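K.L.:
need a structure here:
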Amino acid sequence: METTIIVPARNDSFIVQAASRSYYADLLAAGVRIFEFERGLLHTKSLTLDGEITLLGSANMDRRSFDLNYENNILLCDSTLTTKMRRRQDAYLAQSHEVTAETVAHWPITRRLWNNAIAMLGPVL
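P.N.:
The predicted model follows:
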């Protein structure tokens with residue numbers, strides 16, 4: 001199964017952006033493809049699975065959204081809706097660039113240290 005994540009290339013919070021990027025190396029090593037959306041702040045939280053299932057909602061992929069905030073998602077089992085959502089995701093991909101393991105490996109040590117230091121604050125972000 002292929003997993004692709006699309007995140008904004010520029011975030012409205014440099015701290016959240018650093019924390020997010022601290023996970024890139026591990027995600028890439030696990031076979032996840034990461035794309036950064038270039039056309040502004042992508043705030044969509046959507047998942048499509050097997051052409052049948054769509055998950056839409058407000059929850060970010062972080063502990064705060066799952067444990068502290070009152071975030072909501074809705075799970076839909078509808079192939080027509082999933083096809084439409086997948087088209088939207090493909091449009092996002094077309095406006096994104098892929099982040100590779102080689103790219104992350106070439107980040108300066110100062111950038112990696114910054115990202116990882118900020119990630120330690122993740123639970124309170």
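K.L.:
Can you say which helix or strand has the closest residue in space to I118 that isn't next to it in sequence in it?
P.N.:
In space, and not counting its chain neighbours, I118 is closest to A18: 4.0 Å by CB to CB, 6 or more residues apart in numbering. Heads up, the C-betas are built off the backbone N, CA and C, glycines and all. Secondary structure assigned from DSSP states H and E places A18 in helix 14-21.
K.L.:
What are the buried residues along whichever helix or strand comes after that helix?
P.N.:
Toward the C-terminus, helix 14-21 is succeeded by helix 24-29 as the next helix or strand (DSSP H and E). For helix 24-29, burial by neighbour count (16 or more other CB atoms under 10 Å) applies to Y24, A25, L27, L28.
K.L.:
ok, now stretch 112-120?
P.N.:
R112, W114, N115, I118, A119.
K.L.:
what sits up against it?
P.N.:
I15, A18, A19, R21, S22, Y23 (CB atoms under 8 Å, 6 or more residues apart in numbering).
K.L.:
pLDDT added to the buried residues of helix 24-29, as TSV?
P.N.:
Compiled in TSV, the buried residues of helix 24-29 are given as follows (pLDDT from 0 to 100):
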residue	pLDDT
Y24	96
A25	96
L27	96
L28	98
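K.L.:
can these go into JSON lines with extra columns for distance to R88?
P.N.:
Formatted as JSON lines, the buried residues of helix 24-29 follow (distance: CB to CB, whole Å):
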{"residue": "Y24", "distance to R88": "24"}
{"residue": "A25", "distance to R88": "28"}
{"residue": "L27", "distance to R88": "22"}
{"residue": "L28", "distance to R88": "24"}
